[in-house]
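1. sequence unknown, structure follows:
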């Protein structure tokens, strides 16, 4: 016999705020992460055996989700490339498009055993940690302006046993005159959403995720791309690579920005949804 009362109750409540398919997925995620129950366990009635305190805990989580809060913040956890990461409202929730960016970076470094890599605007540390996990001999540095984000990222690195150098740095005020060519690859998923676009976004993003990691001024959408490209022109070794995740509206402009800065082989790639999402190029080799 299949037991469904608690499961259906949770799904019914969550379905009031999102599509039923997504509500079912969120409900199963709650049962799995909160109580270690698989989908089979839930369908076979294991959820009916929860203690009263656990049912109350579940109820409070559902209340938060029905209030618009992302399930990842409710649970304090998010999955990214096989890793379970801590997430708080101090960091963006890692997204599938960013996994594609990491895969492109790892593929680009396939022939290098111990590359030096910089992740600018690391947030939860998801990009830096995934790269380190996939290229264990890589020397990975990760910057963020937010001390709260860096605390989350450092905790994730410690839990995963991955050695990353985290630094509090603001790319918009980095002194280029003291930089030297030290990195083989720089990667960034910087703030890239114009303020005016927030009107079209879901409230669970605009009401809960950190605006400093999301938005740029409407009159300067390439603010971070310009600063990072300028920095990469100084900090990358000759032949080094720069990778960006981008706002799909500005793929052509980011490509042109990189070309004007002297990058070669600048390429724009689409994501799984066929949106322009990744731009990369090579730092020009210096003439002897």
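-> Yep, that arrived. Keep in mind the model is a prediction, meaning the values are calculated, not measured.
2. In the stretch 1-150 of the chain, what residue spans correspond to strands?
-> Under the criterion DSSP state E, counting those that start in this stretch, strands of the stretch 1-150 of the chain are mapped to 77-80, 83-86, 116-120, 139-144.
3. Hey, what's the angle from the last one to strand 116-120? Just curious.
-> Spelled out, that is strand 139-144. Between the axes of strand 139-144 and strand 116-120, defined by axes from the mean of the first three to the mean of the last three Cα atoms, to 10 degrees, the angle is 10 degrees.
4. Quick test: name the residue nearest the centre of the chain.
-> residue 94 (3.2 Å; Cα atoms, centre = their mean).
5. Just to check, that residue is in contact with residue 85?
-> Yes. Applying Cβ atoms under 8 Å as the test, residue 94 and residue 85 come out as touching, 6.7 Å apart. All C-beta atoms are positioned from the backbone trio N, CA, C, and that covers glycine.
6. Now for the two: what residues contact both?
-> Counting by Cβ atoms under 8 Å, 6 or more residues apart in numbering, the common neighbours of residue 94 and residue 85 are 78-79, 124, 126.
7. With pLDDT added, can I get those in JSON lines?
-> JSON lines is the format used below for those (pLDDT from 0 to 100):
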{"residue": "78", "pLDDT": "97"}
{"residue": "79", "pLDDT": "96"}
{"residue": "124", "pLDDT": "98"}
{"residue": "126", "pLDDT": "98"}
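8. pLDDT weak spots in the chain?
-> Across the chain, the ranges flagged by pLDDT under 70 are 1-4, 177-178, 181, 285-288.
9. Contacts made by the strand ranked longest in it with the rest, please.
-> Across the chain, the longest stretch assigned as strand under DSSP state E is strand 236-245. The contact list for strand 236-245 (Cβ under 8 Å, 6+ apart) reads 97-98, 101, 104-105, 108, 181-190, 192, 225, 228-229, 232, 254, 258, 263, 277-286.
10. That strand pairs with which strands, and in what direction?
-> Take DSSP bridges as the rule and strand 236-245 pairs in its sheet with strand 183-188 (parallel), strand 276-282 (antiparallel).
11. Just name the most buried of these.
-> Neighbour counts averaged per stretch over the strands paired with strand 236-245 are highest for strand 183-188, at a mean of 25; criterion: mean count of other Cβ atoms under 10 Å.
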